[in-house]
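[1] Give the three-dimensional model of this entry:
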Amino acid sequence: MTDAREDAIDSTSSEAPGQAVPLLEPREGIPPVVADADALAEVVARFAAGSGPVAIDAERASGYRYGQRAYLVQLRREGAGSTLIDPVGCPDLTALGEALADTEWVLHAATQDLPCLAELGMRPTRLFDTELAGRLAGFPRVGLGPMVESVLGLTLEKGHSAVDWSTRPLPEPWLRYAALDVEVLVDLRDALEQELRDQGKLEWALQEFAAIVAAPPAPPRTDPWRRTSGVHKVRRRRQLAAVRELWQTRDKVARERDVSPGRVLSDAAIVAAALAMPISVVTLQAVPGFGPRVHRRALEQWIAAIEAARAIPEPQLPPATAPHDGPPPPRSWADKDPMAAARLSAARAAVTALAEKLNLPQENLITPELVRRVSWAPPAPASAPAVADALRALGAREWQVDLVSPVISKAYASARPEPRPTPPTVNGQPHASA
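    From the prediction side, this is the model:
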């Protein structure tokens with residue numbers, strides 16, 4: 001471990017024994033924010049000359065700005081110190097990414113930051129995800145703050161995690177918080193690697209990390225408007241069309257204004273308007289979320305969206321449920337295929353028991369969607385090798401296949417469908433109420 005923890009302990013010697021030590025200041029102080037090409041070139045040279053893994057973090061302005069781009073990038077590496085980079089002033093970090101191409105990146109919850117880093121030209125070839133490592137090691141709380149506290153005995157101040165990072169200039173307390181987020185990330189990585197090795201899980205983690213690196217960019221979501229909170233209340237197809245038109249109008253306005261869509265119009269307001277289907281600005285103003293504070297021009301654009309939904313021909317209305325290429329919802333399996341329902345129930349119970357035995361979350365042992373897919377359409381016969389091949393084809397990692405396929409195969413062999421209730425009869429004939 002580096003001297004970061006020792007420095008923190010020395011500076012807080014009055015702390016009671018056994019208490020976590022607050023990490024209050026970056027070791028070399030708050031680094032200046034890099035916002036021009038010359039300063040960035042110096043950072044690239046410095047980090048290229050460093051040694052060991054590089055700790056990386058990114059801050060976004062979720063809830064304030066449109067999209068998920070980075071507004072601050074933090075890095076730390078042995079021999080290079082820490083740096084804070086402003087992607088607004090330095091929107092192309094390709095040179096930095098290339099300088100670190102052969103270096104292991106250490107991130108916490110890597111899948112959250114990798115997309116916005118890729119937008120800047122930074123893509124890892126190797127990584128260590130401390131959040132995922134904590135999950136595999138069985139830690140009950142895997143946020144960065146709890147992990148640093150439980151593993152390193154240090155406390156990080158997390159009060160600025162949800163601020164508007166697009167603010168310029170960034171306040172000094174925010175910059176201190178950002179620099180501290182990478183201060184001990186490599187120390188955490190080293191401790192977690194040893195913990196995983198001691199538990200016999202290090203190879204599992206390495207396979208998971210490699211899968212994150214190799215994963216292609218996520219494709220655009222199909223019908224993203226269906227993720228509107230509360231859309232389950234909307235049952236009629238024309239009302240669903242209203243949700244879609246309002247959502248798309250909101251998205252266009254948010255993109256043009258570069259603000260979070262929720263700041264343009266709330267999901268609750270979209271659902272309320274779709275259910276009410278108002279016919280004028282006056283009736284729209286009576287719908288929650290469209291009161292007197294909403295400008296008339298905005299009200300007119302929302303009414304126009306609802307009118308567009310009202311004008312869609314019946315055959316072109318969106319289907320009641322989203323298109324789906326997988327098995328049906330499990331709640332319908334008992335009616336559609338009782339044997340498949342029995343397989344799924346048995347497999348879930350077996351996987352849950354195995355996850356508890358291995359002390360890791362069930363969803364990290366095997367993705368629930370893979371269990372559903374194999375249970376709906378299992379290989380025949382459903383031997384352990386055949387189940388292994390099926391899971392492998394769906395993208396399961398080898399460590400998952402090795403552990404899960406025998407228990408799923410055994411669960412399928414013992415699965416029996418629930419007995420169907422016998423309809424009531426009168427004089428040997430089905431009763432009318434049945």
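
[2] Point out where the protein drops to low pLDDT.
    Under the criterion pLDDT under 70, the flagged ranges of the chain are 1-18, 420-434.

[3] where along it do the strands fall?
    In the chain, strands defined by DSSP state E lie at 21-22, 33-34, 51-60, 70-78, 81-85, 104-107, 126-129, 154-155, 425-426, 429-430, listed in chain order.

[4] which parts of the longest one are buried?
    The reference is to strand 51-60. Residues 52-60 are the ones in strand 51-60 that count as buried (16 or more other C-beta atoms under 10 Å). Yep, even glycine has a C-beta here, placed from its N, CA and C like the rest.

[5] And for stretch 335-348?
    So for stretch 335-348, counting by 16+ other C-beta under 10 Å, buried means 337, 340-348.

[6] still on that earlier bit, which of the strands of the chain sits closest to residue 277?
    Closest approach to residue 277 among these is made by strand 51-60 (35.7 Å; C-beta to C-beta).

[7] how about the most centrally placed residue in the chain, what does it touch?
    Residue closest to the average C-alpha location in the chain (C-alpha atoms, centre = their mean): residue 112, at 5.9 Å. By C-beta atoms under 8 Å, 6 or more residues apart in numbering, the contact list for residue 112 is empty.

[8] For beta bridges, what are the partners of residue 55?
    Beta-bridge partners recorded for residue 55 (DSSP bridges): residue 76, residue 106.

[9] unless I'm mixing things up, it is touching residue 106, no?
    Yes: the criterion here is C-beta atoms under 8 Å, and residue 55 meets it with residue 106 at 4.8 Å.

[10] sorry, back to before: ok, which pair from the buried residues of stretch 335-348 is furthest apart?
    The farthest-apart pair in the buried residues of stretch 335-348, when distances are taken by C-beta to C-beta, is 337 and 348, at 15.7 Å.

[11] coming back round to it: can you put the strands of the chain in a markdown table and add distance to residue 332?
    Output for the strands of the chain, formatted as a markdown table (distance: least, C-beta to C-beta, whole Å):
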| stretch | distance to residue 332 |
| --- | --- |
| strand 21-22 | 53 |
| strand 33-34 | 54 |
| strand 51-60 | 38 |
| strand 70-78 | 42 |
| strand 81-85 | 50 |
| strand 104-107 | 39 |
| strand 126-129 | 36 |
| strand 154-155 | 48 |
| strand 425-426 | 27 |
| strand 429-430 | 24 |
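
[12] For residue 289, which of those is the nearest?
    Closest to residue 289 of the strands of the chain, according to C-beta to C-beta: strand 51-60, at 25.8 Å.

[13] give me the number of residues near residue 152?
    21 (other C-beta atoms under 10 Å).

[14] cool, and residue 280?
    Neighbours of residue 280 using other C-beta under 10 Å come to 11.

[15] Which residue, other than its chain neighbours, is closest to it?
    residue 303 (6.8 Å; C-beta to C-beta, 6 or more residues apart in numbering).

[16] Neighbours of that neighbour, how many?
    Residues near residue 303, counting by other C-beta under 10 Å: 19.

[17] same check, this time on residue 292
    Count around residue 292 with other C-beta under 10 Å applied: 5.

[18] Repeat that for residue 322.
    Around residue 322 there are 12 residues (other C-beta under 10 Å).

[19] Quick check on it: phi, psi?
    Backbone geometry at residue 322, expressed as degrees, to the nearest 10, gives phi -70, psi 150.

[20] buried sites along stretch 229-236?
    Under the neighbour-count criterion of 16+ other C-beta under 10 Å, stretch 229-236 has 230-231, 234 buried.

[21] what would these look like in a markdown table with distance to residue 247?
    Output for the buried residues of stretch 229-236, formatted as a markdown table (distance: C-beta to C-beta, whole Å):
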| residue | distance to residue 247 |
| --- | --- |
| 230 | 12 |
| 231 | 9 |
| 234 | 12 |
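
[22] Appreciated, that's everything.
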